[in-house]
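*Asks:* Could you look at this predicted model? Sequence included:
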Amino acid sequence: MSDHDQVKMTQMNYDVKRPKAENPVKVMDLSLRDGHQSLFATRGRTEDMIPVAELMDQVGFWAVETWGGATFDTMHRFLNEDPWERIRTLKRYFKKTPFSMLLRAQNLVGYRNYADDVANAFMDRACENGMDIFRTFDALNDYRNFQTVVPKIKEYGKHFQGCICYTMTEPRLGGEVYNLDYYVNKAKDLEGMGADSVCVKDMAGLIAPYDAYAIVKALKAAVKVPIHLHSHFTSGMSPMSHLKAIEAGVDIIDTCMTPYAYRTSHAAIEPLIMALLGTNRDTGFDIKLMAQINEIFEKEVMPKYKHLLDDSKVSIIDINVLLHQTPGGMLSNLVNQLRDMDALDKIGEVYKELPRVRKDLGQIPLVTPTSQIVGIQTVNNVLFDTPEERYKMITGQVKDLCYGLYGKTAVPINEEVQKKALKGYDRGEEPITCRPAEVLEPEMEKAKAEIGDLAADMDDLVLYAIYPVTGKKFLQWKYGKEEVPAAVKPITMQQVKKQDELLKKAKAGELVEKKKDAPAKGESLRTFNVFVDNEHFEVGVDEVGGSPILKYAQQIQLSGGLPAAAPAMPAAPAAAPAAPAAAPAAAPAAAEKKADAAPAPAADTSGTPLAAPMPGMIVKYDKKEGDTVSAGETVVILEAMKMENALAAPASGTVKAIKYASGDSVAKGDVLCVIG
Ligand code: CO
């Protein structure tokens, strides 16, 4: 037989003689949720899911994950999209494939435990809007946090998938806390609660192939319901782990379409289809249909998002996960936060401090929100602790965790840290041991009174109850009470083309300096990361009239050591300084705000300033101008990296010169008020 015949043969077998597998591996596609959440900060827009939706519906996926996780937050905050509307819109295109969402149990789609009335209202709306499968997890694997949402899932006849967050304290499965028994017992607990399937949720890509085999084998023997493996690619192990899990009899695997796969996302589906072809676990999927879907993603969708991809590294494997077990998303958050604070050179210290903080806080799994809680506290310790005092700046969330508000930790919290965190804590200094939501006051009535008529229906009200500050802002955009800022509007393929041409010119050095005063930054200014060799530039592009002009290009500090350089590329206003579109600023960038605030009428600003120790958003001021405070008393709550930081008065006196309000963004060093 010649090589040519061999090829023809294979082709024929594939097209015609592909027997149906005895036990096909079921597959859930994650492209439309975890895929873009992992690769481009959850910025995927509904309009960019529609072009592939009908084709994806034909594949035969067990389910598509379309909602939950960070999508709810990102959509209303950064995309000006109603999260509820996405379910209803996509349902019109996916006619047969069930929808799955990632539900953070009592945290819903937020970052703290909400009161039972909020959880009930959220679940009603999620079920009624069309969600089918509820992949439910608790960051501490404390299933008491499932007790409110699970009966709702059952009440609506939906699928309850219970998760076990996969984590380790050793290089491999085992040790005193997270050993095989731990996972088996958790799976039994979930089955006992009525789980329709059990998912091992490996959010950091830590599960090694032979550990995946051992766990799946053990779980298949211990429980009757289907076993589902969710593993991120981050460390590079997940395709091997998938295969070993399949050999061990796993029922369902999670993958992404190729353009949304790998890096911190998931293994792609296409290699798995080919790997299993003709075996008794053949997926039965049509590889040509996959190619068709991928082409649409590549040509019509990805160009709009490629500027969000982290292309600062060539390697698609994050070696830090293997070295430090730091989940991908958490690592990029830490790096961003350190960069914002000009402290990127401290990353080594952060790696050293991280396991200590995790141990102090009860050896908890690192997954949203605990990865944030441990991560930010670690950064705070590295930046603010002194040799005499550890845990100098404790975030509000660490205090909540120490109080028991997230649930029971795997091992007890370090008593000393707990005591320090709870000193003066407003709920009390004695930690609770009951189900966290039992100490939470109902929240819906209060939310309703606060937001009033701006919430037109229950969907709006639940959005506001979960995200009061950004939710209110979104509702103001939604109902035309406030101008929608350009930064949250979608970009078109035409804009992408223009930007590409411009960036090509910039890279070729064809943008020359013109000695003209730069016009003011317009409302439609967009910033892009440009990487030329090893240098990173932040380029601001502003569209005036027809063609975009380069507004500024600033060299950014990439890795430790070097301070951020002065602008390395000439600012090159190519057009006359035309007036930018006269839209009122809804949310001016922190830097502009600062500039605006500087020439304010001379108020009495003598005294001790309280400066923002980090960039963030003002949640609220606990004090108003004219109030007297004593040193150490909380004046303002600043949200940074989604953690709330109570900022204390640096001196005793009277509060003056408050320049910001709830919802404002501030830069590091901005004076939030003056105590005089
Ligand atoms: Co995930």
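*Replies:* Cool, the structure landed.

*Asks:* all helices of the stretch 51-200 of the chain, in order?
*Replies:* 71-78, 83-91, 116-129, 149-155, 180-192 (DSSP state H, counting those that start in this stretch).

*Asks:* Any idea which of those helices gets closest to the ion?
*Replies:* For the ion, the closest of these is helix 71-78, at 12.2 Å, according to C-beta to the ion. In this view, the C-beta of every residue, glycine as well, is placed from N, C-alpha and C.

*Asks:* list the helices and strands that closest one packs on?
*Replies:* helix 83-91, helix 458-466, helix 468-478 (3 or more C-beta pairs under 8 Å, 6 or more residues apart in numbering; DSSP states H and E).

*Asks:* rerun at 6 Å
*Replies:* Helix 71-78 is packed against helix 83-91, with contacts defined by 3 or more C-beta pairs under 6 Å, 6 or more residues apart in numbering; DSSP states H and E.

*Asks:* Need the per-residue pLDDT for the closest residue to Ile153 other than its chain neighbours.
*Replies:* Nearest residue to Ile153 in three dimensions, chain neighbours excluded: Phe160, at 4.5 Å (C-beta to C-beta, 6 or more residues apart in numbering). Looking at Phe160, its pLDDT reads 98.

*Asks:* neighbours around the residue of the chain found nearest the ion, how many?
*Replies:* Of all residues in the chain, the one sitting closest to the ion is Asp34 (4.4 Å; C-beta to the ion). Neighbour count of Asp34, defined by other C-beta atoms under 10 Å: 27.

*Asks:* Report the secondary structure state of it.
*Replies:* Secondary structure state of Asp34, per DSSP: H, G, I helix; E, B strand; the rest coil, is helix.

*Asks:* now Gly375
*Replies:* helix.

*Asks:* For the stretch 201-350 of the chain, which segments count as strands?
*Replies:* With DSSP state E, counting those that start in this stretch as the criterion, the stretch 201-350 of the chain has strands at 227-231, 252-255.

*Asks:* Return the residues of the chain in contact with the ion.
*Replies:* Residues of the chain lying close to the ion by C-beta under 5 Å from the ion are Asp34, Met203.

*Asks:* one step back: in terms of pLDDT, where does the residue of the chain closest to the ion sit?
*Replies:* pLDDT at Asp34 comes out at 95.

*Asks:* And for it, nearest residue in space, chain neighbours not counted?
*Replies:* In space, Asp34 is closest to Glu65, 6.1 Å off (C-beta to C-beta, 6+ apart).

*Asks:* Equivalent analysis for Pro327, please.
*Replies:* Ala204 (3.6 Å).

*Asks:* what's the neighbour count on the one you found?
*Replies:* 28.

*Asks:* Please apply the same query to Pro209.
*Replies:* Counted by other C-beta under 10 Å, the residues lying close to Pro209 total 17.

*Asks:* Any figure for the gap between it and Lys26?
*Replies:* 20 Å (C-beta to C-beta, to the nearest Å).

*Asks:* if we can go back for a sec, in JSON lines, list the strands of the stretch 201-350 of the chain along with distance to Glu441 and mean neighbour count.
*Replies:* Compiled in JSON lines, these are given as follows (distance: least, C-beta to C-beta, whole Å; neighbours: other C-beta atoms under 10 Å):
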{"stretch": "strand 227-231", "distance to Glu441": "34", "mean neighbour count": "26"}
{"stretch": "strand 252-255", "distance to Glu441": "37", "mean neighbour count": "26"}
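
*Asks:* what residue ranges in this protein score low on pLDDT?
*Replies:* 1-17, 328-329, 512-605, 641-642 (pLDDT under 70).

*Asks:* So which residue is dead centre in it?
*Replies:* Ala70 (4.8 Å; C-alpha atoms, centre = their mean).

*Asks:* Verify the contact between that residue and Gln37 for me.
*Replies:* Yes - with contact defined as C-beta atoms under 6 Å, Ala70 counts as touching Gln37 (5.2 Å).

*Asks:* circling back to that earlier point, isn't the residue nearest to Ile153 right next to Val198, touching?
*Replies:* No - assessed by C-beta under 6 Å, Phe160 is found out of contact with Val198, at 10.1 Å.

*Asks:* So these two - more neighbours on which side?
*Replies:* Val198 (26 against 23).

*Asks:* Please verify my assumption that the more buried one contacts Ala187.
*Replies:* Yes - applying C-beta under 6 Å, one finds Val198 in contact with Ala187, separated by 4.9 Å.

*Asks:* Quick one: closest of the strands of the stretch 201-350 of the chain to Ala465.
*Replies:* When the strands of the stretch 201-350 of the chain are compared by C-beta to C-beta, strand 227-231 sits nearest Ala465, at 28.3 Å.

*Asks:* residues near Met193, how many?
*Replies:* 16.

*Asks:* next one: Gly424
*Replies:* For Gly424, using other C-beta under 10 Å, the count is 10.

*Asks:* how about the nearest residue to the residue nearest to the centre of the chain, chain neighbours excluded?
*Replies:* Thr42 (4.4 Å).

*Asks:* The one you found in helix, strand or coil?
*Replies:* coil.

*Asks:* Next up, the contacts around it.
*Replies:* Ala70, Thr71, Thr74 (C-beta atoms under 6 Å, 6 or more residues apart in numbering).

*Asks:* Please repeat the previous calculation with a cut-off of 10 Å.
*Replies:* Neighbouring residues of Thr42 by C-beta atoms under 10 Å, 6 or more residues apart in numbering: 33-36, 69-75, 77-79, 308, 329.

*Asks:* ok, back up a step: which neighbours do Phe160 and Val198 share?
*Replies:* Counting by C-beta under 10 Å, 6+ apart, the residues touching both Phe160 and Val198 are Leu190, Val225.

*Asks:* The spatially closest residue to Gly110 that is not a sequence neighbour: how many residues sit nearby?
*Replies:* Once flanking residues are discounted, Gly110 sits nearest to Ile466: 4.8 Å by C-beta to C-beta, 6+ apart. Per other C-beta under 10 Å, the neighbour tally for Ile466 reads 26.

*Asks:* swap in Ile376?
*Replies:* 26.

*Asks:* where's it relative to Met614, distance?
*Replies:* In terms of C-beta to C-beta, Ile376 sits 9 Å off from Met614.

*Asks:* Which residues are in contact with each of these two?
*Replies:* What both Ile376 and Met614 touch, as defined by C-beta under 10 Å, 6+ apart, is the set Gln337, Met393, Ala640, Met641, Met643, Asn645.
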